[in-house]
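Q: Okay, here's the prediction I keep looking at, along with the sequence it came from:
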Amino acid sequence: MLLINGGDSSNAFITDQETDFPSGSIPVDIPFFVAPFVLDVDKDGLDDFAGKFGLRIIGPTLQRDALYPGLDDYFRRLGSLFRGEVSLDEEGLLYDDSRDDPYLERFLGRKLEENDHGVLSGILIYRKIEEMFLMRRGKAQVAIESSDTFDAYVKYVLRQDIARASLGMSLHNLKRDPSGAPLFLPLRFTKHPLAYILILSDGLQEYLRWEGTSIVGATKFCCFPSIDLDFNDGRFVLKVEFFLTGETQEEEYLKKQARSIAVITGQNTPDDLTLNTAGSFLLDSLLQQLNRQIDLTDEFRLKLTIRRQGGVLVSTE
């Protein structure tokens with residue numbers, strides 16, 4: 001449906017509608033109205049919207065322009081928290097941020113230039129919460145009563161907990177390439193637990209970020225996994241199981257996903273790919289990806305299984 005604005009940009013007023021938009025062509029059939037949105041065809045207002053996030057629209061892409069005035073200090077803070085791991089300062093009140101990590105600072109800066117969504121998300125979250133503290137928005141209006149309170153929030157919350165959350169977000173999408181970069185991967189759970197859990201969750205649980213759609217075609221499997229966590233002999237034991245219903249369509253989908261991953265990774269799969277081979281290939285590729293990001297040989301023991309009616313199809317053990 002096309003709604004016609006008979007007013008202007010400051011005083012909108014719908015005066016007409018076109019129910020078969022675009023008329024004279026094939027209309028778009030969207031059975032679910034997920035959320036309202038703005039479609040600025042002539043780009044007279046999106047620049048203002050993008051500017052709220054320090055972004056600039058050039059052609060079909062968004063370019064960062066003064067994304068965050070304190071960007072160098074921000075990366076330096078993430079580097080110092082990364083170097084300090086989870087150790088506290090002498091007073092035991094703050095994470096140790098006394099040492100810089102120039103390599104991580106510059107690597108995250110490089111990934112920002114490459115539009116890495118994890119690095120960008122970390123910056124936006126940090127900046128937004130800093131703005132909430134500064135402008136006393138939301139619950140901060142009650143919590144921050146004076147400039148001294150603001151200073152305390154910045155010291156103990158923004159530059160500690162929020163910065164550590166932004167660090168985890170910035171690291172979760174990074175993978176070690178064939179040359180061995182970045183050098184700080186794989187991460188260990190005891191040193192960087194939040195980033196470790198984010199990477200593990202992102203790899204195992206393929207969250208859908210939209211509603212009103214089927215998970216078929218959007219994920220490797222047609223189901224969400226069952227995840228069980230236990231602690232034995234000083235190690236975490238994580239059991240992850242995927243379940244197949246036995247439907248032919250689902251099994252063919254699994255084979256199709258295995259072939260797609262093989263093409264992306266430059267590997268070969270047999271023409272007569274069996275369900276067992278496809279399942280093993282998917283689990284092996286998942287483990288390979290995780291091993292490029294986190295250490296699965298020390299504090300964690302990971303077991304992956306695909307089950308179908310009648311028992312286990314394949315397992316990493």
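A: Arrived safely, thanks for sending.
Q: And the strands in the stretch 201-317 of the chain?
A: 226-232, 235-243, 300-308, 311-315 (DSSP state E, counting those that start in this stretch).
Q: Most tightly packed of those?
A: Among those, strand 300-308 has the highest mean neighbour count (mean count of other Cβ atoms under 10 Å), at a mean of 19. Yep, even glycine has a C-beta here, placed from its N, CA and C like the rest.
Q: Between strand 226-232 and that strand, find me the angle.
A: 150 degrees (axes from the mean of the first three to the mean of the last three Cα atoms, to 10 degrees).
Q: what residues does strand 300-308 touch?
A: Under the criterion Cβ atoms under 8 Å, 6 or more residues apart in numbering, residues 189, 200, 235-246, 279, 282-283, 286-287, 290, 294, 296, 312-317 lie in contact with strand 300-308.
Q: coming back round to it: who wins for proximity to Glu145 among the strands of the stretch 201-317 of the chain?
A: strand 226-232 (40.9 Å; Cβ to Cβ).
Q: What helices and strands are in contact with that closest one?
A: Counting contacts by 3 or more Cβ pairs under 8 Å, 6 or more residues apart in numbering; DSSP states H and E, strand 226-232 packs against strand 235-243.
Q: so what does the strand it packs on touch, helix or strand wise?
A: In terms of contacts (3+ Cβ pairs under 8 Å, 6+ apart), strand 235-243 is packed against strand 226-232, strand 300-308.
Q: all strands for the stretch 51-200 of the chain, in order.
A: Going by DSSP E, counting those that start in this stretch, the stretch 51-200 of the chain shows strands at 55-58, 61-64.
Q: By mean pLDDT, show me the worst of those.
A: Lowest mean pLDDT of the strands of the stretch 51-200 of the chain: strand 61-64, a mean of 56.
Q: Using CSV, write out every CA atom in stretch 280-297.
A: Taking C-alpha atoms only, stretch 280-297 is exported to CSV below (Å, rounded to 0.1, in the frame of the first residue of the first chain):
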residue,chain,number,x,y,z
SER,A,280,29.9,-34.9,9.7
PHE,A,281,31.0,-32.2,7.3
LEU,A,282,28.8,-29.6,9.0
LEU,A,283,30.0,-30.4,12.5
ASP,A,284,33.6,-30.5,11.4
SER,A,285,33.3,-27.1,9.7
LEU,A,286,31.6,-25.6,12.8
LEU,A,287,34.4,-26.9,15.0
GLN,A,288,37.1,-25.5,12.6
GLN,A,289,35.4,-22.1,12.7
LEU,A,290,35.2,-22.0,16.5
ASN,A,291,38.9,-23.2,16.8
ARG,A,292,39.9,-20.1,14.7
GLN,A,293,38.3,-17.9,17.4
ILE,A,294,38.5,-19.6,20.8
ASP,A,295,40.5,-22.2,22.6
LEU,A,296,38.5,-25.5,23.0
THR,A,297,41.3,-27.6,24.4
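Q: in that stretch, what's buried?
A: Residues of stretch 280-297 classed as buried by neighbour count (16 or more other Cβ atoms under 10 Å): 280-286, 290-296.
Q: again, but for stretch 146-154
A: Neighbour counts over stretch 146-154 (16+ other Cβ under 10 Å) mark 150, 153-154 as buried.
Q: Stretch 87-100 now?
A: Buried residues in stretch 87-100, counted by 16+ other Cβ under 10 Å: 95, 97.
Q: out of the helices and strands packed on strand 235-243, which comes closest to Ser80?
A: Using Cβ to Cβ, the helices and strands packed on strand 235-243 put strand 300-308 closest to Ser80, at 26.1 Å.
Q: Parallel or antiparallel, which strands does the closest one pair with?
A: Using DSSP bridges, the strands paired with strand 300-308 are strand 235-243 (parallel), strand 311-315 (antiparallel).
Q: Mind listing residues that contact the first one?
A: Taking contacts as Cβ under 8 Å, 6+ apart, the residues outside strand 235-243 that touch it are 189, 200, 204, 221, 223, 225-231, 298-308.
Q: now it: how far from the chain's centre is it?
A: Distance of strand 235-243 from the chain centroid (Cα atoms, centre = their mean, to the nearest Å) equals 21 Å.
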